[in-house]
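J.: Just a sequence and a predicted model for now, questions to come.
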Amino acid sequence: MKVIEIIPGEIVTGESIVSVKSVNGYAEPDIPNNILKIAVVNRYQNTKPAIAFIKNFGIKKGAAASSVAHDSHNIIAIGCNDNDLCESVNNIIINKGGLSVYDGKESYTLSLPIAGLMSDEDAYSVAERYQLLENKVKELGSPLISPFMTLSFMTLIVIPKLKLSDKGLFNVDKFGFTEMFL
């Protein structure tokens, strides 16, 4: 299977080919090998989410999601299992946009109700909440300097190599959608 490979400190991604772990015929994350599920949920139409897999985000449990996802600002989420992904995505939907972390037990959210990009709170409150969320993602195991910034660029389909849009996995080098499975 083709997997988006995060290059730490970069918005450019690589492509890995990995053997997939399967349960009841469905591809599953491989947490020991740092391969997680990534999903893009369209914020503007009721459509199926686009699903792929991503390497090097590093969390060992839970999920993170954001409506700050270039260029369309759909909801993007990375997680260790479907339930955690859903919890994190649903927190974004309930808050009409924002950032969310679910640690497997508790949800943490920064609400961004203005177009899913801005808050109506003061800058100090937003900065404090953002730092809390970033720390929570790092507590879940992410080694990334700025996990939410990295997450926001995983949907920008003009930056090489593999990205995920609400329409599916996109190979920027070939400038077209590509199948995840070989």
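T.: Okay, I see it.
J.: Centre-most residue in the chain?
T.: For the chain, the residue nearest the mean C-alpha position is A77 (3.1 Å; Cα atoms, centre = their mean).
J.: Okay, that residue and A69: tell me how far apart.
T.: Separation of A77 from A69 (Cβ to Cβ, to the nearest Å): 9 Å. Bear in mind the C-beta positions are built from the backbone N, C-alpha and C, glycine included.
J.: which neighbours do these two share?
T.: Contact criterion Cβ atoms under 8 Å, 6 or more residues apart in numbering; residues shared by A77 and A69: V40.
J.: what is the mean pLDDT for the longest helix along the chain?
T.: Secondary structure assigned by DSSP state H gives helix 123-139 as the longest helix of the chain. For helix 123-139, mean pLDDT rounds to 98.
J.: before we move on, what about stretch 155-169?
T.: Taken as a whole, stretch 155-169 has an average pLDDT of 96.
J.: Other residues contacting that stretch?
T.: With contacts defined as Cβ under 8 Å, 6+ apart, stretch 155-169 is touched by 2-5, 11-15, 38-42, 47, 49-50, 52, 69-72, 74, 76, 153-154, 170-173, 177-180.
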